[in-house]
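**Q** what follows is a predicted structure for the sequence shown.
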Amino acid sequence: MAGIGFELRKLLQKDSYFGLFQAYTYAGIISSGPWVLSIIGILFVGFISLGVVYPRMQIVQFQVSVTYLIMSSLILTGFIQLGFTRFIADSLFRKLDKQVLSNFGGVLLLVTTVGGVFGMAAIYLFFHGVSLQYRLLMLSCFVMLCAIWVATIFMSGMKQYKEIVVLFAIGYSVTVAGAVLLRGYGLEGLLLGFGIGHFVLLFGMIIMILRAFPMEGTVVSFEYLRPGAMYTSLIWAGFLYNMAVWADKLMFWYYPDTSQLIIGPLRASLIYDLPIFLAYLAIIPGMAVFLVRIETDFVEYYEKFYDAVREGGSLDHIMNMRDNMLFTVQQGLFEIVKIQAITVLLVFVLGERLLDWLGISSLYLPLLYVDVVAAGLQVVLLGILNVFFYLDKRRIVVWLCVLFLIANVSLTSLSLYLGASYYGYGFALSLLITVLVGMHLLSRKLDLLEYETFMLQ
């Protein structure tokens, strides 16, 4: 998210409640807009298909298929997202603009090829008894989503945040329109509408990237694959984080007592999926606070600290900037916790009414409460990881992701063994453990920051 702070600071400089409101609204849209649009789009497709698509089970099959497409494409591209973005950032810093577009072409070719191979293998091995049209649509959508995640993070690295939100809005508008027009063809029609919308989204992203970096010389280059071109730690961090986030969902999907078969090999957990979905919508305020506080106050003192180091500032000034960095990190994380605590309280008070309004059984309430707390902790973890990335402590990020993954798998297994009263606690406790360890490590690193900055060079 480096660079978004400039926009937020402009809004905060207005020194008014309206400017503050604008800053938080902008941060909320930038941080949460794409995935909120995708969630609302898929839900709306299901809603408008009621009474038209028969049997109704095909609507559930569509939504579950899309969930698996998103999950699997995120995990697969997790290997390349962070490492490639850092490679591009380093290339731009070294004024090697000419190699940016060709390497983007190379990573796009790599991702679509690998995605195509994995997709075809999965379809051949597991998707027996479903229509050929469904299998081909799943394969094409999977490959497109792999390309979209790479293009999205590439555009984020180019600081084109507004364009990303606009393109997602256009893409999912086309998805909904396509689903409306094609819903008479059932499951395959809904998937085709989804595919058309994402083709428009990917095409728009490629056009924006070509406008930013005109074509010069080689179309496809693989310099990012050279030994040392990408940091191994970032490659593993991207994969492990995505794997850790989805681990508990996968376990609930394939545990017999908590899941049911939907289509082909795809399973879903009705008892777990609805509460975790609602909980993730509740983190929008926390994401907005996270972005405003980390990308304005923290980054301001971060830049002043390293400017003082590079320009030979006095030790008193350097340590003062370090202390301010530490204070802003503490305040930023505290504000995220405070806002998410308010959100949790609101869910506790209004949760039953919300479920009644959505037509969902109140039996889901206990799990919803646990998942809202877990989702809030995930925002805090994102804040901690973001600060570590700024400090270039990539190995710590990897170990935190490993801890998150191991804890989530272990504690979710325990919760499944103990029974329904403990569902959701595995995910929440794994995040709590990772957040506490992350805070301890972050405090230690910030205390030793000026020592490590000078003595480890």
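**A** Structure's in. What do you need? In this text, all values refer to a predicted model and were calculated from it rather than measured experimentally.
**Q** can we go C-alpha only for contacts and neighbour counts from here?
**A** Fine.
**Q** tell me the contacts of the residue lying farthest from the centre of the chain?
**A** In the chain, counting by CA atoms, centre = their mean, Ser314 sits farthest out from the average C-alpha position, at 40.2 Å. Applying CA atoms under 8 Å, 6 or more residues apart in numbering to Ser314 gives the contacts Ala308.
**Q** any idea how far it is from Asp323?
**A** Spatial separation of Ser314 from Asp323 under the definition CA to CA, to the nearest Å is 14 Å.
**Q** strands of the protein, start to end?
**A** Ranges of strands in the chain, per DSSP state E, are 260-263, 266-268.
**Q** name the helices or strands packed onto the helix ranked longest in the chain?
**A** Within the chain, and with DSSP state H defining each element, the longest helix by residue count is helix 315-358. In terms of contacts (3 or more CA pairs under 8 Å, 6 or more residues apart in numbering; DSSP states H and E), helix 315-358 is packed against helix 284-292, helix 299-310, helix 365-390, helix 425-447, helix 449-455.
**Q** quick one, which of those is packed in tightest?
**A** Burial among the helices and strands packed on helix 315-358, expressed as mean neighbours by mean count of other CA atoms under 10 Å, is greatest for helix 284-292, which shows a mean of 25.
**Q** and that one with helix 365-390, angle?
**A** Note on geometry: by axes from the mean of the first three to the mean of the last three CA atoms, to 10 degrees, helix 284-292 and helix 365-390 are set 10 degrees apart in direction.
**Q** for helix 284-292, name the packing helices and strands.
**A** The helices and strands touching helix 284-292, judged by 3+ CA pairs under 8 Å, 6+ apart, are helix 17-49, helix 315-358, helix 365-390.
**Q** let's see that with 10 Å instead.
**A** Helix 284-292 sits against helix 4-12, helix 17-49, helix 315-358, helix 365-390, with contacts defined as 3 or more CA pairs under 10 Å, 6 or more residues apart in numbering; DSSP states H and E.
**Q** that helix: how far from the chain's middle?
**A** Offset of helix 284-292 from its chain centre (CA atoms, centre = their mean, to the nearest Å): 14 Å.
**Q** returning to what we had before: and Gly238, which of the helices and strands packed on helix 315-358 is closest to it?
**A** Nearest of those to Gly238, taken as CA to CA: helix 365-390 at 11.4 Å.
**Q** please name the nearest non-neighbouring residue to Ser410.
**A** With CA to CA, 6 or more residues apart in numbering as the measure, Gly426 is the residue that lies nearest to Ser410, at 7.6 Å, once sequence neighbours are left out.
**Q** isn't that neighbour right up against Gly419?
**A** No: between Gly426 and Gly419 no contact is recorded; they are 11.7 Å apart, counting by CA atoms under 10 Å.
**Q** before we move on, back to that, ranking the strands of the chain by burial, who's on top?
**A** Sort the strands of the chain by mean neighbour count, taking mean count of other CA under 10 Å, and strand 266-268 sits at the top with a mean of 21.
**Q** which residue ranges form the helices in the stretch 151-300 of the chain?
**A** 161-182, 187-212, 232-254, 270-281, 284-292, 299-310 (DSSP state H, counting those that start in this stretch).
**Q** so which of those gets nearest Phe127?
**A** Between Phe127 and those, the shortest separation by CA to CA is 14.7 Å, and it involves helix 187-212.
**Q** average model confidence for the closest one?
**A** Taken as a whole, helix 187-212 has a mean pLDDT of 89.
**Q** likewise for stretch 61-77?
**A** Throughout stretch 61-77, pLDDT has a mean value of 91.
**Q** can I get it in PDB, CA atoms only?
**A** Listed next in PDB are the C-alpha coordinates belonging to stretch 61-77 (Å, rounded to 0.1, in the frame of the first residue of the first chain):
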ATOM      1  CA  GLN A  61     -23.400 -24.900  -6.800                       C
ATOM      2  CA  PHE A  62     -22.500 -21.600  -8.600                       C
ATOM      3  CA  GLN A  63     -21.600 -19.800  -5.400                       C
ATOM      4  CA  VAL A  64     -19.600 -22.700  -4.000                       C
ATOM      5  CA  SER A  65     -17.800 -23.100  -7.400                       C
ATOM      6  CA  VAL A  66     -16.900 -19.400  -7.400                       C
ATOM      7  CA  THR A  67     -15.600 -19.700  -3.800                       C
ATOM      8  CA  TYR A  68     -13.300 -22.500  -4.700                       C
ATOM      9  CA  LEU A  69     -12.100 -20.700  -7.800                       C
ATOM     10  CA  ILE A  70     -11.200 -17.600  -5.700                       C
ATOM     11  CA  MET A  71      -9.500 -19.700  -2.900                       C
ATOM     12  CA  SER A  72      -7.500 -21.900  -5.200                       C
ATOM     13  CA  SER A  73      -6.300 -19.100  -7.400                       C
ATOM     14  CA  LEU A  74      -5.300 -17.000  -4.400                       C
ATOM     15  CA  ILE A  75      -3.300 -19.800  -2.900                       C
ATOM     16  CA  LEU A  76      -1.600 -20.700  -6.200                       C
ATOM     17  CA  THR A  77      -0.600 -17.100  -7.100                       C
END
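**Q** can you give me the buried ones in that stretch?
**A** Residues of stretch 61-77 classed as buried: 61-66, 68-77 (neighbour count, 16 or more other CA atoms under 10 Å).
**Q** now the strands of the chain as JSON lines including distance to Tyr280?
**A** Conversion of these to JSON lines gives the following (distance: least, CA to CA, whole Å):
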{"stretch": "strand 260-263", "distance to Tyr280": "23"}
{"stretch": "strand 266-268", "distance to Tyr280": "17"}
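**Q** can you lay out these as a markdown table showing mean pLDDT?
**A** Output for the strands of the chain, formatted as a markdown table (pLDDT from 0 to 100):
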| stretch | mean pLDDT |
| --- | --- |
| strand 260-263 | 90 |
| strand 266-268 | 92 |
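**Q** quick one: closest of those to Met57.
**A** Distance to Met57, taken as CA to CA, is lowest for strand 260-263 among those, at 8.3 Å.
**Q** now do that closest one: which elements does it pack against?
**A** Strand 260-263 is packed against helix 57-93, helix 232-254, strand 266-268, with contacts defined by 3+ CA pairs under 10 Å, 6+ apart.
**Q** mind listing the strands that strand pairs with, and their directions?
**A** Strand pairing for strand 260-263, using DSSP bridges, gives strand 266-268 (antiparallel).
**Q** just the residues contacting the strand it pairs with, thanks.
**A** In this structure, residues lying in contact with strand 266-268 by CA atoms under 10 Å, 6 or more residues apart in numbering are 60-61, 64-65, 67-68, 126-127, 249-250, 252-256, 258-262.
**Q** if we use 8 Å, what do you get?
**A** Strand 266-268 is contacted by residues Val64, Ser65, Tyr68, Phe252, Trp253, Tyr254, Ser259, Gln260, Leu261, Ile262 when judged by CA under 8 Å, 6+ apart.
**Q** that strand: how far from the chain's middle?
**A** Per CA atoms, centre = their mean, the displacement of strand 266-268 from the mean C-alpha position of its chain is 22 Å.
**Q** sounds good, over and out.
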